[in-house]
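Engineer: sequence first, then the predicted structure, then my questions.
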Amino acid sequence: MWALVAGGFAVALGYGVVAPAIPQFALEFGVSNFAASVIVSAFALMRLISAPLAGYIVGRLGERRTYTIGILIVAGSTGAAALAANYTQFVVLRGAGGVGSTMFTVAATALLAKVSPVESRGRVASLNAAGFLLGGLLGPVLGGVVAIFGLRAPFVFYFFTLLVAAAVVAIALRGSVSAAAPTAHNPAAEAMSLRAALRISQYRSLLVSAFAFGWASFGVRVSLIPILVAVSFGGDATAAAWVLAAYAAGNALFIFPSGRWNDTVGRKPLLIIGMLVLAASYLMIPAASSLWWLAGILAISGVGSALANPGHQAVLADILAFKRGGNVVATYSMTSDLGGVLGPAIAGAALDLAGFGWAFGVTAALLALAAAAWMFVPDSRSIGRAETQG
């Protein structure tokens, strides 16, 4: 587990450096706001398309090999993106990275769900998220420094952090039975089919929630916030990096308490409250009158993310209940990525047609709908308790 946390930190650190530069680098090619936001969608689209393949590969090669190969694919595409000569090349290279991203994400999620104890799944999820969050907190701050050397420099930095993540996981998990490929001498655990998972009401709510979370946090936030900073406040990539760091800071403050509350209070209350806080923050973003106000609102949004995020992984672990579930995890990942694909594209189109109010308002409505989806299902901890008693 610690290897995955360390690997996640290295990935998030590099991504935090490069994320603010992605839309602004695209704008350097003279494209529209919509085209710049679609760069984020291209990455998520390839994650979406390749998710079923990633689930299959995890079952064949095991989590360790799948994770390592996926990271190296992202590293190669990111390093090449630093040399992109036009918008088309940039889109293609970012899309290629999405394939590798799905592989290491599905592998890491499947392994954590497989080994998480029933009584501490929320805390395991928050610890895993904390590795990403610490990298996400330091990344934008460091990104402001790296961006001084030009908009291509963050991609070079991300390339090297990905190589570090691949090395950490490949070495640390080389003797892990849980992360190895199933063999005759190392049979895999009982598998859960996607059809069986879809019969569980909490899994259906999880898919709705993952879609909304992916739309907002992995799509709209990283694509439209840098554009808002540039268009409304005349800020550069450094200013956008500091604003996104406020989101990571709010997230970091509540991620460990959220994991503890998920294991004591329950997944359902934290998911409902977190999604509603996120919805309120996205409604407030267009009203920000300065970069300081925008940073404060993003910090509130980070709190909402911290309350909801560990619950998603804990619910997934409750549903799998120590079973293999490559397709179950891949479908969860696909749903989140579908939100990441549609969010920047639809919100970017709304921005060009009607302004920032509509772009962020649609996102807030979707998050409120996800909160409502959790109100009508039992807390998923009952699944884990039933499995333990059985």
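Structural biologist: Happy to help now that I have it.
Engineer: so Val229 makes contact with Val243?
Structural biologist: Yes. Assessed by Cβ atoms under 8 Å, Val229 is found in contact with Val243 at 5.8 Å. Bear in mind the C-beta positions are built from the backbone N, C-alpha and C, glycine included.
Engineer: what sits in contact with each of those two?
Structural biologist: Common neighbours of Val229 and Val243, using Cβ atoms under 8 Å, 6 or more residues apart in numbering, are 235, 291, 294.
Engineer: neighbour-wise, which one of those residues leads?
Structural biologist: Highest neighbour count within the shared contacts of Val229 and Val243, by other Cβ atoms under 10 Å: Leu294, with 26 neighbours.
Engineer: before we move on, the earlier item: from the shared contacts of Val229 and Val243, which is closest to Leu4?
Structural biologist: Leu4 has its nearest neighbour among the shared contacts of Val229 and Val243 in Leu294, at 32.7 Å by Cβ to Cβ.
Engineer: distance of the nearest residue to the closest one once chain neighbours are set aside relative to Gly274?
Structural biologist: Nearest residue to Leu294, sequence neighbours excluded (Cβ to Cβ, 6 or more residues apart in numbering): Ala288, at 3.9 Å. Distance from Ala288 to Gly274, counting by Cβ to Cβ, to the nearest Å: 21 Å.
Engineer: helices along the stretch 201-350 of the chain, start to end?
Structural biologist: Counting by DSSP state H, counting those that start in this stretch, the stretch 201-350 of the chain has helices at residues 201-213, 221-233, 237-264, 267-284, 291-320, 326-354.
Engineer: quick one, what contacts the residue nearest in space to the middle of the chain?
Structural biologist: Nearest to the mean C-alpha position of the chain, counting by Cα atoms, centre = their mean, stands Phe218 at 5.6 Å. Residues near Phe218 by Cβ under 8 Å, 6+ apart: 44, 336-337, 339-340, 343.
Engineer: buried ones from these, can you make that a PyMOL selection?
Structural biologist: Applied in PyMOL, the following selects the buried portion of those according to 16 or more other Cβ atoms under 10 Å:
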select buried, resi 44+336+337+339+340+343
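Engineer: Val115 - how many residues pack around it?
Structural biologist: 15.
Engineer: pLDDT value on it, please?
Structural biologist: pLDDT, Val115: 70.
Engineer: just Ile383 next, same as before
Structural biologist: 75.
Engineer: how near is the residue lying closest to it once chain neighbours are set aside to Trp261?
Structural biologist: Closest residue in space to Ile383, ignoring its immediate chain neighbours: Asp318 at 4.6 Å, by Cβ to Cβ, 6+ apart. Separation of Asp318 from Trp261 (Cβ to Cβ): 15 Å.
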